[in-house]
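Visitor: Following is a predicted model, sequence given first.
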Amino acid sequence: MGAGCLISVYMVEFRDQILLEPESKPTEVYRQYQSEVISIVPLLSGGPSIYTNNLDVARQVISGAHKTSFTKPEYASEALLLWGMNLIAADGDIWRKHRRVMGPAFSNRLYEYVWNESIRTFNEMLASDGWLDKKSIDVPIVQRITFKFALFIIGKCAFGLSFKWSEPPTGPDGTLSLQEALRLTTDTFLTMILTPKWAFKLPIERLRKAKQAHDQLLGFMQEQVDERKKEIRNGTSQRDDVFTRLVQANEDEESKFRLGDDELIGNVFIMLFAGHETTAHTLAATLGFLAYHSEIQEEVYEHILFVIGKTRDPVWDDFNKLEKVIAVFFESLRLFPSGHVMIREAREDTVLTVPNLGGLEGTRGIPVSKGTEVVVDMIGVQYNSRYFDEPEKFKPSRWYGVPAESEMFTAFSVGPRACLGRKFGMTESIAFLTLLLRGWRVEPLLSGGETKEQWKQRVLDAELVITLGVANMPIRFTRRN
Ligand code: HEM
């Protein structure tokens, strides 16, 4: 294995080119140059970055292992420190300390709680939004439902907040409800990170509101840490949310491994960033694919009836049996991997082992100098024909019989730094989809004289915000029987 050369591609803006041009296939650039590792050199400014759609290369850079030569770039981590150090921003020993406390919180007991809250929230949504007495409901932007649902579940099951689907955004005295504070905090996430501190003093309504929501929620969380500690120490804690479990796990640690209150809060807040948009986008994409592929939707419907029948609410024990619901969720996430890039930086001069050019068997080493950015292109990985036959096709059957936690499914990343919230996100999604698909047929909501094909092109197109998702998705829900 000798040191090899690296294909360099000169582009004005690489990510725009692969993601946003409707005609470009996600992995075209790798196919064109017959290489799964490419150096992208921006024409206008900045240094080269190495992009890869190969999982073996990905494993070398994202593992987070003790002796790894790669780390999260400082600029990316710093942006995530708004509420305190946390698992996503941390690296090395600090990451291990955070994972030690965070890991035990994500247990089966939590998932059962997430499952039950998802069922409760779904039923509350039907009752509050007037679905119960309608035969058909047109929803011009289905993301309005999926984002609210995902926010509710994070709010309830991660933060331990209790709120109602129909609650008004502000109280009589003008204070924000916790639900509204959480929504605003999520919506203004980037604003809070990118705006300099002094700008919040300016008379700009959007900034004032963002700050108000952030401060109100932070104040609430600080009170809650003390309350939870007291309950745990007195043995009176009855709560099941992640926040309580974190405080509990932290109390159980020897003092040298304990996290500070700000770190506990930082970890709860980071779940908003990591778990809200990602899950909501994937649910919207799943509904879009099922609306278009009505025959697959019918197959999944029959499967749901087979597993839980027509009347009873699904229980947590049903989760693993609902394998076709899991399969459509997996396949939609594969085609729209909402965590679409994982960025790392070489902390020293090193060598990456990469596949040979032109699809030839074997590997070669390429030198990577200190400071070089390496980007695991998750869209490229998920559309790589090395891993999937007909990668551009929506084919949920490729996942039939694959267990929910299998490493064969890689869109939650792989290795020790893979998504900690994978089962959390899947639990709420499978509960939501199971109830929705059992009760309602999902159809494209066509506009004017639009055909189903035109609808597909209009809405199943990628849109990139922080995470990757489909465009605003118009859906008609028609009651079954
Ligand atoms: C469809 C939904 C989701 C997708 C596609 C997703 C994807 C990912 C990916 C790709 C990573 C690795 C990022 C990197 O290494 O740079 C990650 C990490 C993480 N995710 Fe998720 N995620 C989802 C839902 C969630 C949820 C619901 C939560 C929390 C409740 C969550 C919490 C986390 C955390 C804490 C990490 C950092 C793990 C570590 O570094 O040790 N995620 N996620």
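Guide: Structure received.
Visitor: For the ligand, give me its nearest residue in the stretch 151-300 of the chain.
Guide: Ranking the residues of the stretch 151-300 of the chain by distance to the ligand (CB to the nearest ligand atom) places residue 275 first, at 2.7 Å. All C-beta atoms are positioned from the backbone trio N, CA, C, and that covers glycine.
Visitor: part of a strand, is that residue?
Guide: No - going by DSSP: H, G, I helix; E, B strand; the rest coil, the assignment for residue 275 is helix, not a strand.
Visitor: Now do the nearest residue in space to it that is not next to it in sequence against residue 349, distance only.
Guide: Computed as CB to CB, 6 or more residues apart in numbering, the closest residue to residue 275 that is not its neighbour in sequence is residue 421, at 4.7 Å. From residue 421 across to residue 349, the span is 35 Å (CB to CB, to the nearest Å).
Visitor: The two: who's more crowded?
Guide: The residue with more neighbours, out of residue 421 and residue 349, is residue 421; 22 against 12, by other CB atoms under 10 Å.
Visitor: Show me the shaky parts of the stretch 151-300 of the chain.
Guide: 171-172 (pLDDT under 70).
Visitor: How about the residues of it by the ligand?
Guide: Residues of the stretch 151-300 of the chain that fall close to the ligand, judged by CB under 6 Å from any ligand atom: 158, 271, 274, 275, 278, 279, 282.
Visitor: Quick one: the residues you listed as CSV, columns for secondary structure too.
Guide: Below are these laid out as CSV (three-state DSSP):
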residue, secondary structure
158, coil
271, helix
274, helix
275, helix
278, helix
279, helix
282, helix
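Visitor: Which members of these are classed as buried?
Guide: 158, 271, 274, 275, 278, 279, 282 (16 or more other CB atoms under 10 Å).
Visitor: The nearest residue to the last one once chain neighbours are set aside in helix, strand or coil?
Guide: Nearest residue to residue 282, sequence neighbours excluded (CB to CB, 6+ apart): residue 333, at 4.8 Å. Three-state assignment for residue 333 (three-state DSSP): helix.
Visitor: need the contact list for residue 333.
Guide: Applying CB atoms under 8 Å, 6 or more residues apart in numbering, we find residue 333 in contact with 282, 285, 286, 411.
Visitor: Just flag the most distant two among the residues you listed.
Guide: 286 and 411 (12.8 Å; CB to CB).
Visitor: Compare the two and say which is more crowded by neighbours.
Guide: residue 286 (29 against 23).
Visitor: For the ligand, what's its nearest residue on this structure.
Guide: Counting by CB to the nearest ligand atom, the chain gets nearest the ligand through residue 421, at 1.9 Å.
Visitor: Show the contacting residues for that residue.
Guide: With contact set as CB under 8 Å, 6+ apart, residue 421 has these partners: 106, 271, 274, 275.
Visitor: Report the secondary structure state of the residue lying closest to the first one once chain neighbours are set aside.
Guide: If I follow you right, that is residue 106. Nearest residue to residue 106 in three dimensions, chain neighbours excluded: residue 420, at 5.8 Å (CB to CB, 6+ apart). Using three-state DSSP, the structure places residue 420 in coil.
Visitor: what ranges do the strands span in this protein?
Guide: All strands of the chain, identified by DSSP state E, fall at 7-11, 37-42, 49-52, 70-71, 136-139, 341-346, 350-355, 363-368, 373-377, 440-444, 462-464, 468-470, 475-479.
Visitor: Now mean neighbour count and mean pLDDT too, for the ones you listed, in CSV please.
Guide: Output for the strands of the chain, formatted as CSV (neighbours: other CB atoms under 10 Å; pLDDT from 0 to 100):
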stretch, mean neighbour count, mean pLDDT
strand 7-11, 14, 64
strand 37-42, 19, 84
strand 49-52, 22, 91
strand 70-71, 20, 92
strand 136-139, 14, 97
strand 341-346, 20, 92
strand 350-355, 19, 94
strand 363-368, 17, 93
strand 373-377, 24, 93
strand 440-444, 20, 98
strand 462-464, 16, 69
strand 468-470, 24, 82
strand 475-479, 18, 98
